[in-house]
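[1] could you work out the structure for the sequence below:
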Amino acid sequence: RGETYSPNPSPKMASLYALSSRSSAFCASTVAPVRRVAVAPVRPVTAVEVEAKLKTRKSMAKRLRVTGTGKVMARSAGKQHFNEKMSRDEIRESSKMFVLSKGDAYQAKENMPHSKINAKAKAKK
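    Here you go, the predicted model:
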C-alpha cells in the first residue's frame, strides 16, 4: 500500500516521520535520559592594564655601541668591497666609528630602551 505525504499527517505517521532519521530517533524516544548541565557561576571580571614589555631590537644593538657618556657610535658604511679605487685616507677614515646625530640617537633610544643613551649628547662635526 502506497503512503503519500500529507501536510497534516496522522499522529501515527508523524511518529514514523520523526523516527525516519537516525539522529532524531533518540530525541523522539519517550525514555530518553534527562541530561543535567552544571552551569558555572559567573565571576566578575577585573580589567588589569598590562603595559607592553620594552624589548631591545637586537639588530640595532649589534650595529651600535653606546659610550660611557651616552653617545651612540656606529660603523661607517662603504668599506666591505670596492676599496681599490679609494685612497688610503678614505679607507682609514671609513674604518672608524662615528657619533650618530640627535635624530638617529633618538631612534636608537627607541629601539634599545634599556641602554644608557643620552639623546642630548652632542656629536662632533
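
[2] after the least confident helix or strand in the chain by mean pLDDT comes which helix or strand?
    The weakest-scoring helix or strand in the chain, judged by mean pLDDT, DSSP states H and E, is helix 22-28 (a mean of 54). Past helix 22-28, further along toward the C-terminus, the next helix or strand under DSSP states H and E is helix 58-63.

[3] dump the C-alpha coordinates for that next one into CSV.
    Taking only C-alpha atoms (Å, rounded to 0.1, in the frame of the first residue of the first chain), the coordinates of helix 58-63 have been written out as CSV:
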residue,chain,number,x,y,z
LYS,A,58,68.8,43.0,18.6
SER,A,59,69.7,44.1,15.0
MET,A,60,70.1,47.7,16.3
ALA,A,61,72.0,46.6,19.3
LYS,A,62,74.5,44.7,17.2
ARG,A,63,75.1,47.7,14.9
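
[4] which helix or strand lies directly C-terminal to that helix?
    Once the chain leaves helix 58-63, the next helix or strand it forms, by DSSP H and E, is strand 64-66.

[5] residue 76 and residue 96 touch, don't they?
    Yes. Counting by C-beta atoms under 8 Å, residue 96 is a contact partner of residue 76 at 6.5 Å. Placement of C-beta: from N, CA and C, glycine included.

[6] between those two, which is the more surrounded one?
    For residue 76 against residue 96, the residue with the higher neighbour count under other C-beta atoms under 10 Å is residue 76, and the figures read 12 against 9.

[7] how about the more buried one, what does it touch?
    If a contact means C-beta atoms under 8 Å, 6 or more residues apart in numbering, then residue 76 has 93-98 as its contacts.
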